[in-house]
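Asker: Sequence and predicted structure below; questions after.
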Amino acid sequence: FFFQAEDGIRDSVASRGLGDVYKRQINAEYMGMVDCSLILEPDCAVYLAPDCIYLANNYTKGIYKVYRQMAEKKPERLESALSIQDAYFKKNCYGIFGLITLLETSYLAMIDKCTIIGYILKAPVVRIDSLFFCALSKSISKEAATKNSDYLNMIRECVQCKSLYFSREINLTLNMQAVLNGTALKKVSPAADLPYAHTKERFFFNNQHCKYFIDNHMHELITPIIHGFMTIHHFNIKSASLDFVLISRKDVRRLGRRYLVRGLDKDGNSANFAETEQIVIYYDEGAMRVASYVQTRGSIPLIWSQKPNLQWEPPIKIHASDEENKEAAKKHFVEQVQTYGKIKLVNLIDKKGKQLEIGQAFNKLVRDLQMDEVDLEWFDFHEECKGMKWDNISNLILKLGDEIEKYDYFMALIDTTNVKEYKALNPANIQVLCLQSGCIRTNCMDSLDRTSVVQSVIARNLLHRQLYKLTLEPKLNVNGSAFAPFEGDLEAVFRHLWTDNGDQLSILYSGTKALKTDFTRTGKR
């Protein structure tokens, strides 16, 4: 089975060349820095009864009675577990994923198995490994049961991509600047301590599946889940102890596979849109210094399609009128500016062939929008870097120099003297040192391979700046070089984790690992 790609033909073979050779040679120290065998205690219990299902949160002690005929009776909040007397089955789980409606019934999806991948600000972060499903209706037809079984198996296979993450304490739908400089730590009510509080819906993967619980104010049963990539890795620079965190949050409003879902919809939602955040946490005596940098990627912000056929590169079709495209793009960029500040668009597609037409339409769109906060740089990646001249990416970094300097990054100092866990953090503990005021949005045709390479180079430049600010580098090592190396373990960590991020985002959109990962992983092709 073959997948067409912007750079040629992708196939289902796992190896993508030299990058995977290096990946197989990763030493045990790299693989074992985060103990992924740590398992959480279950925090929810589900009790099955003839006419209802009881849902209990073991931490908040909240217990709800949900009737199997959900449309006829509203759920009830019970005072204690003593009210559960007619249950014939109990299942412990790590959280409620939500309700999934299939043929003739809905299924309650529960987090059955999960793994701690590490900690952010002393809050455990968890990857979902499997879901457990319970049908609300006790009697459905044999035909519906058979088809539903197939559908549930498809969901189980999707979960096996290891792309779903949650935390009981920190809100993973928010980036660090939003968490530490926003309202997420302001305990204005008991509900503010719940993971659901302040959740950003566009990264809340199971939002629609939790609608029943949201509408009925059962917030303590809601587990906000993000979809994408996440890794936490500990390393040292000399005697300094640090954590490197890389998160890619996929926008859930326009999910879908490459070629089948392209561009914007009329509401301005972008295909394959993801917010990627690189975080460094420096553990000092009695304090944590947190530095983060956010970039985004997304499909070319026009209403367009590229339906697959037997051609090497399927034809590109721009839909709707100029005015309709302008309206959709304006909705998209207004939200981007409200969220991130100024936006620098980096377009990496070819300035020839089929890609030229949509590139010119993209240029015209940005001119017509006349938004002072939005600017475009068209860098023909294939032309600039042909003949393996990868150092030419430095030319792009030089062109983006003003934006990188002006947009800055987020950094905060957290006093942890009396803070033993994340829940103990409050604004009085936090001193914000600088804020990120703009964002670079990168795209190519798929917003995968070329985009991942360029994003990793930009992230490398910013990380040097942050390490210098943290006094962990003796000089500012960003003198025009796109690939200035890091000291110690960090160079290998940086390369491997950014490559893993590119692979995961490619799998989620195209079904196979990324091309050009050999370059990201080793610096060579």
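Answerer: Received, thanks. Note that the coordinates shown come from a computational prediction; the quantities given were computed from them, not determined experimentally. Residues are numbered from 1 along each chain as shown.
Asker: And for T146, the neighbour number?
Answerer: By other CB atoms under 10 Å, the residues close to T146 number 10. Quick note: C-beta positions are derived from backbone N, CA and C, even for glycine.
Asker: Quick check: the gap between it and L99.
Answerer: If you measure T146 against L99 using CB to CB, to the nearest Å, the figure is 21 Å.
Asker: list the contacts for the nearest residue to E79 once chain neighbours are set aside?
Answerer: Excluding the flanking residues, the one nearest E79 by CB to CB, 6 or more residues apart in numbering is I63, at 7.9 Å. With contacts taken as CB atoms under 8 Å, 6 or more residues apart in numbering, I63 has the following neighbours: Y54, L55, A56, N57, R77, L78, E79, S80, A81, S83, I84.
Asker: Quick check: of these, which lies closest to L255?
Answerer: Within the contacts of I63, the smallest distance to L255 is 27.1 Å, found for L55 (CB to CB).
Asker: from what I can see that closest one touches Y67, true?
Answerer: No. With contact defined as CB atoms under 8 Å, L55 does not count as touching Y67 (11.8 Å).
Asker: Pick out whichever of the two has more residues nearby.
Answerer: Using other CB under 10 Å, the more surrounded residue of L55 and Y67 is L55, with 24 against 16.
Asker: Would you tell me what helix or strand that one is located in?
Answerer: Assigned by DSSP states H and E, L55 belongs to strand 52-57.
Asker: what does that strand rub up against?
Answerer: Among residues not part of strand 52-57, those counted as contacts by CB under 8 Å, 6+ apart are 43-47, 62-68, 78, 81, 84, 87, 96, 108, 134, 136, 218, 220-221.
Asker: Can you select the buried ones among those residues for me in PyMOL?
Answerer: Selection of buried members from these for PyMOL, criterion 16 or more other CB atoms under 10 Å:
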select buried, resi 43+44+45+46+47+62+63+64+65+66+67+68+78+84+96+108+136+218+220+221
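Asker: all helices of the stretch 1-150 of the chain, in order?
Answerer: 18-24, 28-31, 142-159 (DSSP state H, counting those that start in this stretch).
Asker: ok, now the stretch 401-525 of the chain?
Answerer: With DSSP H, counting those that start in this stretch as the definition, the stretch 401-525 of the chain shows helices at residue ranges 401-407, 449-469, 490-510, 517-522.
Asker: how long is stretch 56-74 from one end to the other?
Answerer: 17 Å (CA to CA, to the nearest Å).
Asker: can you give me the mean pLDDT across that stretch?
Answerer: Across stretch 56-74, pLDDT averages out at 91.
Asker: Please apply the same query to stretch 144-154.
Answerer: Here the mean pLDDT over stretch 144-154 is 97, rounded to a whole number.
Asker: go on, stretch 205-223?
Answerer: Looking at stretch 205-223 alone, the average pLDDT works out to 94.
Asker: mind listing what's buried in that stretch?
Answerer: 205-207, 209-210, 212-214, 216, 218-223.
Asker: ok, T101 - how many residues close by?
Answerer: The criterion is other CB under 10 Å. On that basis, T101 has 12 neighbouring residues.
Asker: That one: what's its closest spatial neighbour, skipping adjacent residues?
Answerer: Y107 (7.9 Å).
Asker: likewise H219?
Answerer: The shortest distance from H219 to any non-neighbouring residue, by CB to CB, 6+ apart, is to Y196 (4.8 Å).
Asker: tell me which element the one you found is part of?
Answerer: Short version: Y196 belongs to no helix or strand, going by DSSP H and E.
Asker: how close does it get to V252?
Answerer: 15 Å.
Asker: mind checking pLDDT for V34?
Answerer: 41.
Asker: next one: K113
Answerer: Among the per-residue scores, K113 shows a pLDDT of 94.
Asker: wait, which of the helices of the stretch 401-525 of the chain is closest to K73?
Answerer: Each of those has some distance to K73 by CB to CB; the shortest is helix 490-510, at 38.4 Å.
Asker: that older thread, just flag the most distant two among the buried residues of stretch 205-223.
Answerer: F205 and N216 (20.4 Å).
Asker: what ranges do the strands span in the stretch 1-150 of the chain?
Answerer: Applying DSSP state E, counting those that start in this stretch to the stretch 1-150 of the chain gives strands spanning 2-5, 8-11, 44-48, 52-57, 63-67, 76-78, 89-93, 96-101, 106-120, 123-135.
Asker: who's the residue nearest to E79 bridged to?
Answerer: Beta-bridge pairing of I63, defined through DSSP bridges, involves A56, L78.
Asker: now it: how far from M218?
Answerer: Applying CB to CB, the value for I63 to M218 is 10 Å.
Asker: before we move on, what about D322?
Answerer: With distances taken as CB to CB, D322 is found 46 Å from M218.
Asker: any chance of the contacts of I63 in TSV, plus distance to E277?
Answerer: Formatted as TSV, the contacts of I63 follow (distance: CB to CB, whole Å):
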residue	distance to E277
Y54	38
L55	32
A56	34
N57	29
R77	36
L78	40
E79	42
S80	42
A81	40
S83	43
I84	42
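Asker: between those, which is closest to A424?
Answerer: Of all the contacts of I63, the one sitting nearest A424 is N57; the distance, using CB to CB, is 20.7 Å.
Asker: Can you report how many residues neighbour that closest one?
Answerer: Residue crowding around N57 was assessed by other CB under 10 Å; the count is 19.
Asker: can you check Q69 too?
Answerer: 10.
Asker: Could I get the full set of helices for the stretch 151-300 of the chain?
Answerer: Remark: helices assigned in the stretch 151-300 of the chain by DSSP H, counting those that start in this stretch are 176-181, 211-215.
Asker: buried set for the helix or strand harbouring K330?
Answerer: When elements are defined using DSSP H and E, K330 is found to belong to helix 322-340. Neighbour-count burial for helix 322-340, counted by 16+ other CB under 10 Å, picks out 325-333, 336-337, 339-340.
Asker: send the alpha carbons of the following helix or strand past that helix over as CSV?
Answerer: Downstream of helix 322-340, the next assigned helix or strand under DSSP H and E is strand 342-347. Extracted C-alpha coordinates of strand 342-347, given in CSV (Å, rounded to 0.1, in the frame of the first residue of the first chain):
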residue,chain,number,x,y,z
LYS,A,342,2.2,39.1,15.5
ILE,A,343,2.4,36.3,13.0
LYS,A,344,5.3,35.6,10.6
LEU,A,345,4.2,33.2,7.8
VAL,A,346,7.0,31.0,6.4
ASN,A,347,6.0,29.4,3.1
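Asker: I figured S299 hits C444, correct?
Answerer: No. With contacts counted by CB under 8 Å, S299 stays clear of C444, the gap being 9.6 Å.
Asker: how close does V245 sit to Y282?
Answerer: 12 Å.
Asker: let me fix that: F486
Answerer: Counting by CB to CB - F486 and Y282 are separated by 14 Å.
Asker: pLDDT wise, what is the residue lying closest to R450 once chain neighbours are set aside at?
Answerer: When the adjacent residues along the chain are set aside, R450 lies closest to C444, with 4.0 Å between them (CB to CB, 6+ apart). Residue-level confidence at C444 comes out at 97, pLDDT.
Asker: Just want the most central residue of this structure.
Answerer: Among the residues of the chain, the smallest C-alpha distance to the mean C-alpha position (CA atoms, centre = their mean) belongs to R249, namely 1.5 Å.
Asker: quick one: contacts for that one?
Answerer: Under the criterion of CB under 8 Å, 6+ apart, the contact list for R249 reads L172, T173, F203, I226, H227, G228, A274, E275, T276, E277.
Asker: how much space is there between the nearest residue to it once chain neighbours are set aside and A459?
Answerer: The shortest distance from R249 to any residue that is not its chain neighbour, by CB to CB, 6+ apart, is 4.2 Å, and that residue is F203. As judged by CB to CB, F203 and A459 stand 19 Å apart.
Asker: Could you check which of the two is surrounded by more residues?
Answerer: Per other CB under 10 Å, whichever of F203 and A459 has more neighbours is F203, with 26 against 19.
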